[in-house]
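1. have a look at this fold, sequence not included:
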Ligand SMILES: Cc1ncc(COP(=O)(O)O)c(C=O)c1O
């Protein structure tokens with residue numbers, strides 16, 4: 001908010017707070033949308049998505065994840081965000097618990113609260129690369145646990161659960177049939193270091209009938225503004241989600257759905273190229289951050305975020321004489337001193353860290369890292 005005000009007042013703010021790729025939507029996808037407009041695809045569609053888009057989604061799951069779904073097990077919504085919200089509203093009663101590993105995407109706990117449930121946070125830290133262990137998970141499960149939300153690659157840390165990590169968590173979940181699994185796979189295609197993306201129901205098929213996969217076109221295809229996400233899971237759940245959508249927002253945008261058919265069905269060579277570009281940026285940002293005294297940054301395997309620690313700077317004084325006592329102090333100092341906007345870790349449930357989005361050009365990122373280094377050097 002403060003960054004936006006400073007920017008509006010003409011200050012040269014560098015914002016590293018964005019949660020979207022800096023690439024434009026590919027032309028072939030835009031053209032599919034233009035064609036859809038021209039041929040009159042401008043009316044309401046089926047509430048849970050067009051037959052063409054459902055078919056493209058079913059094929060995507062078969063091709064990329066080895067998973068079989070029927071059309072009745074899919075619901076297309078206005079962004080992955082709406083898929084998650086529909087699912088929580090459809091299933092949560094007062095007192096139901098939802099396990100959320102921290103650091104978490106900021107919307108999860110608030111959506112659980114809005115739907116009348118109780119968020120139950122499982123903490124993780126840099127020492128485990130921001131991943132929870134089966135033991136951590138087991139300790140939080142109660143008879144009231146309705147969901148666990150797994151997000152890999154993760155926003156805000158970029159952490160990725162391997163197939164082996166997921167198999168170990170699945171072992172715990174198999175013993176607790178009341179728990180449903182929400183696998184938020186929205187960063188699926190942003191994965192590096194030759195790591196293979198895995199989702200829990202592919203790794204443990206016995207969990208498929210209680211898993212909702214959440215995915216969409218926003219991050220992989222640079223389509224954040226088109227607002228198309230989809231959920232896949234048990235028919236009864238998907239039907240309930242679609243009913244909620246029917247009485248709230250109805251079908252997602254007809255034109256965006258036509259564009260998403262093209263995104264999911266056409267050639268995907270550029271997904272790998274984009275991931276390679278992001279991996280190079282990650283390497284640059286991590287090495288520039290680790291060269292700064294007081295900052296430590298793990299190397300994440302996915303998404304387009306890094307989550308460095310600023311704990312080493314706590315207790316230091318700014319040139320104006322203010323002591324840095326927490327991540328919010330540090331983030332405020334960066335904004336005021338060198339006009340760089342980042343997000344404090346406490347917003348994501350882990351104090352002492354901050355999130356940087358590196359979905360920006362090399363030049364922009366270099367400038368930002370140099371500014372952060374200069375600000376840190378001034379701390380005494
Ligand atoms: C972890 C995570 N899930 C879901 C979403 C929502 O994506 P969409 O733009 O499709 O609503 C985001 C967007 O920032 C995200 O980071």
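-> Structure's in. What do you need? Remember, predicted model here, so these are calculated numbers, not experimental data. Numbers count the residues shown, from 1 in each chain.
2. for residue 160, give me phi and psi.
-> With angles defined as degrees, to the nearest 10, residue 160 sits at phi -130, psi 130.
3. distance-wise, check it relative to the ligand.
-> Distance, residue 160 to the ligand, using Cβ to the nearest ligand atom, to the nearest Å: 13 Å. Heads up, the C-betas are built off the backbone N, CA and C, glycines and all.
4. got the residues of the chain near the ligand?
-> Within the chain, the residues that sit near the ligand (Cβ under 6 Å from any ligand atom) are 19, 79-81, 105, 151, 155, 184, 186, 216, 218, 224, 229.
5. now the two most distant members of those residues.
-> Within the residues of the chain next to the ligand, 151 and 224 form the most distant pair, 16.7 Å apart (Cβ to Cβ).
6. pLDDT weak spots in this protein?
-> Scanning the chain for pLDDT under 70 picks out the ranges 1.
7. please name the nearest non-neighbouring residue to residue 323.
-> residue 317 (5.6 Å; Cβ to Cβ, 6 or more residues apart in numbering).
8. then residue 314?
-> Residue 314's closest residue in space is residue 324 (Cβ to Cβ, 6+ apart), at 5.8 Å.
9. same check, this time on residue 302
-> residue 153 is the one closest to residue 302 (Cβ to Cβ, 6+ apart), at 2.7 Å.
10. burial measure for the one you found, as a count.
-> Other residues near residue 153 number 27, with proximity taken as other Cβ atoms under 10 Å.
11. in contact with the residue lying farthest from the centre of the chain, which residues?
-> Among residues of the chain, the one most distant from the C-alpha centroid is residue 321; the distance is 37.1 Å, by Cα atoms, centre = their mean. Shown in contact with residue 321 (Cβ atoms under 8 Å, 6 or more residues apart in numbering): no residues.
12. let's verify it: helix, strand, or coil?
-> The local conformation at residue 321, judged by DSSP: H, G, I helix; E, B strand; the rest coil, is coil.
13. how near is it to residue 127?
-> 33 Å (Cβ to Cβ, to the nearest Å).
14. got it, and residue 279?
-> Separation of residue 279 from residue 127 (Cβ to Cβ): 23 Å.
15. over to residue 203?
-> 24 Å.
16. list phi and psi for residue 82.
-> Dihedral pair for residue 82: phi -70, psi -30, per degrees, to the nearest 10.
17. would a markdown table of the residues of the chain next to the ligand with distance to residue 68 and neighbour count be doable?
-> Shown next, in a markdown table, are those (distance: Cβ to Cβ, whole Å; neighbours: other Cβ atoms under 10 Å):
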| residue | distance to residue 68 | neighbour count |
| --- | --- | --- |
| 19 | 31 | 18 |
| 79 | 25 | 22 |
| 80 | 21 | 22 |
| 81 | 26 | 19 |
| 105 | 28 | 20 |
| 151 | 24 | 25 |
| 155 | 28 | 25 |
| 184 | 21 | 26 |
| 186 | 21 | 25 |
| 216 | 20 | 30 |
| 218 | 25 | 22 |
| 224 | 29 | 16 |
| 229 | 20 | 24 |
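18. centre-most residue in this structure?
-> residue 155 (4.2 Å).
19. secondary structure element for residue 187?
-> Under the criterion DSSP states H and E, no helix or strand holds residue 187.
20. what's the local residue count around it?
-> By other Cβ under 10 Å, the burial measure for residue 187, its neighbour count, is 23.
21. and it, how far is that from residue 153?
-> From residue 187 to residue 153 the distance is 4 Å (Cβ to Cβ).
22. identify the contacts common to these two.
-> With Cβ under 8 Å, 6+ apart as the test, residue 187 and residue 153 both reach 302-303.
23. so who does whichever residue of the stretch 51-200 of the chain sits closest to the ligand touch?
-> Of all residues in the stretch 51-200 of the chain, residue 79 sits closest to the ligand, at 2.7 Å by Cβ to the nearest ligand atom. Applying Cβ under 8 Å, 6+ apart, we find residue 79 in contact with 216, 218, 227-229.
24. could you do residue 120 as well?
-> With contact set as Cβ under 8 Å, 6+ apart, residue 120 has these partners: 97-100, 140, 145.
25. hang on, the earlier thing: quick check, the residue nearest to residue 314 in contact with residue 316.
-> Yes - using Cβ atoms under 8 Å, residue 324 is in contact with residue 316, at 5.4 Å.
26. pull up the overlap in contacts between the two.
-> residue 379.
27. work out for me the element residue 275 sits within.
-> Going by DSSP H and E, residue 275 is in helix 269-290.
28. tell me which residues of that helix come out buried.
-> Within helix 269-290, the residues that count as buried by 16 or more other Cβ atoms under 10 Å are 270, 274-275, 277-279, 281-282, 285-286, 288-289.
29. what would those residues look like in CSV with distance to residue 47?
-> Below are those laid out as CSV (distance: Cβ to Cβ, whole Å):
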residue, distance to residue 47
270, 32
274, 32
275, 34
277, 37
278, 35
279, 39
281, 39
282, 39
285, 42
286, 44
288, 48
289, 46
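30. out of the residues you listed, which comes closest to the ligand?
-> Once Cβ to the nearest ligand atom is applied, the member of these that ends up nearest the ligand is residue 278, at 14.5 Å.
31. quick revisit: what's the separation between the residue farthest from the centre of the chain and the ligand?
-> From residue 321 to the ligand the distance is 37 Å (Cβ to the nearest ligand atom).
32. distance check, that residue against residue 344.
-> 21 Å.
33. hmm, who's touching stretch 245-264?
-> Residues from elsewhere that reach stretch 245-264, judged by Cβ under 8 Å, 6+ apart: 25-26, 28-33, 35-37, 41-50, 52-53, 56-57, 59-60, 75-78, 82, 86, 217, 220-221, 223, 226-228.
34. let's see 7 Å
-> Residues from elsewhere that reach stretch 245-264 (Cβ atoms under 7 Å, 6 or more residues apart in numbering): 28-29, 32-33, 36-37, 41-50, 52-53, 56-57, 60, 75-78, 86, 217, 221, 223, 226-228.
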